[in-house]
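> Got a predicted structure plus its sequence, pasted below:
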Amino acid sequence: MTLIFIRVFFIILSVVVGNQIGSFVHIDNADFSRLGGVIGFVAAAIIILFEFIMRKVSVRGLSSAVFGLIFGLIMAKLVSDTLALIHIDETVFYSLRVALTLVFCYLGMIVAIRGRDEFNIIVPYVKFSRQDQKDELVVLDTSVIIDGRIADICSTKFLDGKFIVPRFVLKELQQIADSSDSLKRARGRRGLDILGKLQKNPNIDIKIHNEDFADLKEVDAKIVKLAKVLGAKVFTNDFNLNKIAEIQGVSVLNVNELANALRPVVLPGETLDIRLIKEGKEYNQGVGYLEDGTMVVVDNGRRLIGQNVRVVVGSVLQTAAGRMIFGKLPADLNKNKRN
């Protein structure tokens with residue numbers, strides 16, 4: 001509504017100004033005030049149309065173009081002042097000056113726009129602050145939003161900083177939510193609900209970032225690129241994205257690594273009470289899970305599937321997928337001791 005009001009006000013103001021300027025023109029006592037108002041209206045409409053065309057221009061791209069323009073003007077000025085030291089015909093000198101200004105401004109803008117990813121001139125994130133205080137930026141991945149644990153982690157205030165949700169991540173969430181697959185649709189809607197929950201939390205500063213990288217097709221590549229441009233960290237639980245980001249020197253906050261670090265330490269010889277729910281890969285094994293999702297493999301536990309049993313921890317194996325505990329039944333241990 002604010003933009004519509006500004007546009008309507010601009011059109012009315014342009015008509016009034018055009019009408020006023022037209023009234024100053026006197027040719028054969030003709031009144032040009034109405035014609036001036038029409039010209040003002042047409043000019044305002046053309047400018048608004050041009051503004052619609054520029055909607056796809058990013059703030060960072062525009063900032064880079066302005067920087068390149070200023071750099072081009074400075075270079076043209078320096079070269080022109082150097083040429084002024086040489087005795088050249090005045091007409092030739094001014095022609096060269098105009099040509100140099102056009103060339104340097106064009107080259108400066110082109111170079112700046114092509115290298116805009118290297119410029120950290122992003123207006124929404126520029127603010128006056130103390131040099132010893134830095135606001136950390138964290139880019140959220142699609143998978144970590146769908147996962148949902150981020151909302152609980154943020155509620156505990158363990159994480160601090162400004163969370164950035166790229167527009168292309170939001171678009172991917174919407175596509176998943178609109179999927180014909182019921183499972184994907186449920187996951188996408190869950191992600192949108194979690195995002196809404198984060199935005200409503202007064203203790204969380206979360207912003208939607210509109211920058212996109214048209215030359216990159218994969219969302220993971222765009223996330224890493226955006227994190228590098230902003231000097232931000234990536235918050236994810238995607239193993240592949242984690243590795244790609246680390247290779248490119250981007251810091252990663254991984255929910256799964258945090259969960260593994262917070263799991264209780266289990267030592268050999270301790271006892272656990274679990275419920276066996278399925279067979280293991282090896283002969284006569286039973287498998288159960290702790291409350292945190294840790295898999296427990298029990299030798300000779302196949303016959304006890306569906307029952308709650310006490311298990312003595314034999315060894316703990318840490319894998320890329322998580323932690324696995326191997327244990328035995330107390331009866332089997334006592335039997336081995338007697339033998």
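Now that the structure is in, tell me what you want to look at.
> When you work out contacts or count neighbours from here on, use the C-alpha atoms and nothing else.
Noted.
> the domain parsing of the protein - what is it?
Residue ranges for the domains of the chain, per automatic domain parsing: 2-116, 123-260, 265-338.
> Next, report how far the shortest one is displaced from the centre of its chain.
Which is domain 265-338. Centroid separation for domain 265-338 versus its chain: 42 Å, with Cα atoms, centre = their mean, to the nearest Å.
> So for that domain, mean pLDDT?
For domain 265-338, mean pLDDT is 82.
> on that earlier part again, tabulate the domains of the chain (JSON lines), appending mean neighbour count.
Shown next, in JSON lines, are the domains of the chain (neighbours: other Cα atoms under 10 Å):
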{"stretch": "domain 2-116", "mean neighbour count": "16"}
{"stretch": "domain 123-260", "mean neighbour count": "16"}
{"stretch": "domain 265-338", "mean neighbour count": "16"}
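> Am I right that K281 falls within a helix?
No - with DSSP: H, G, I helix; E, B strand; the rest coil as the criterion, K281 is coil rather than part of a helix.
> Three-state assignment for I88, please.
Taken by three-state DSSP, the conformation at I88 corresponds to coil.
> err, K207, not the other one
Classified using three-state DSSP, K207 is strand.
> Also the one 10 residues further on?
Classification of K217 into helix, strand or coil gives coil, according to three-state DSSP.
> ok, now F213?
F213 - assigned by three-state DSSP - is coil.
> Quick one: the helices in this protein, in order.
2-23, 33-53, 59-84, 90-114, 142-147, 149-155, 167-177, 182-200, 219-230, 239-247, 255-262, 330-338 (DSSP state H).
> who wins for proximity to I274 among these?
Between I274 and these, the tightest spacing by Cα to Cα is seen for helix 330-338, at 13.3 Å.
> May I ask you to name the longest strand in the protein?
Assignment by DSSP state E gives strand 308-319 as the longest strand of the chain.
> could I have that one exported to PDB, CA atoms only?
Output in PDB follows, covering the C-alpha atoms of strand 308-319 (Å, rounded to 0.1, in the frame of the first residue of the first chain):
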ATOM      1  CA  ASN A 308      12.600 -54.700  27.300                       C
ATOM      2  CA  VAL A 309      16.000 -56.100  28.200                       C
ATOM      3  CA  ARG A 310      19.000 -55.000  30.200                       C
ATOM      4  CA  VAL A 311      22.200 -54.900  28.100                       C
ATOM      5  CA  VAL A 312      25.800 -54.700  29.200                       C
ATOM      6  CA  VAL A 313      27.800 -52.300  26.900                       C
ATOM      7  CA  GLY A 314      30.700 -54.000  25.200                       C
ATOM      8  CA  SER A 315      32.000 -51.300  22.800                       C
ATOM      9  CA  VAL A 316      31.100 -48.000  21.200                       C
ATOM     10  CA  LEU A 317      31.700 -47.200  17.500                       C
ATOM     11  CA  GLN A 318      31.600 -43.700  16.200                       C
ATOM     12  CA  THR A 319      30.600 -43.500  12.500                       C
END
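> Reformat the helices of the chain as a markdown table; add distance to D299.
Output for these, formatted as a markdown table (distance: least, Cα to Cα, whole Å):
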| stretch | distance to D299 |
| --- | --- |
| helix 2-23 | 69 |
| helix 33-53 | 69 |
| helix 59-84 | 60 |
| helix 90-114 | 62 |
| helix 142-147 | 33 |
| helix 149-155 | 33 |
| helix 167-177 | 42 |
| helix 182-200 | 35 |
| helix 219-230 | 41 |
| helix 239-247 | 31 |
| helix 255-262 | 24 |
| helix 330-338 | 9 |
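> A65 contacts Y106, doesn't it?
No - look at A65 against Y106 with Cα atoms under 8 Å: they stay out of range, at 9.6 Å.
> picking up where we left off before, and the longest strand of the chain with helix 255-262, angle?
Per axes from the mean of the first three to the mean of the last three Cα atoms, to 10 degrees, the angle that strand 308-319 makes with helix 255-262 is 120 degrees.
> Can you pull out the residues in contact with strand 308-319?
266-276, 298, 323-330 (Cα atoms under 8 Å, 6 or more residues apart in numbering).
> Relative to I145, how far out is the residue sitting nearest the centre point of the chain?
By Cα atoms, centre = their mean, the chain has its centre lying nearest to P166, at 3.4 Å. As judged by Cα to Cα, to the nearest Å, P166 and I145 stand 12 Å apart.
> same thing with I6?
For I6 relative to I145 (Cα to Cα), the value is 36 Å.
> now F52
In this view, F52 and I145 are 32 Å apart by Cα to Cα.
> What of N237?
Taking Cα to Cα, one finds N237 at 9 Å from I145.
> go on, Q285?
With Cα to Cα as the criterion, Q285 and I145 are 36 Å apart.
> What of A221?
To I145, A221 is 17 Å away according to Cα to Cα.
> same thing with D238?
Counting by Cα to Cα - D238 and I145 are separated by 11 Å.
> hang on, the earlier thing: mean pLDDT lowest where, among the helices of the chain?
Among the helices of the chain, helix 330-338 scores lowest, at a mean of 68.
> what about stretch 168-185, start to end distance?
Termini of stretch 168-185 sit 18 Å apart (Cα to Cα).
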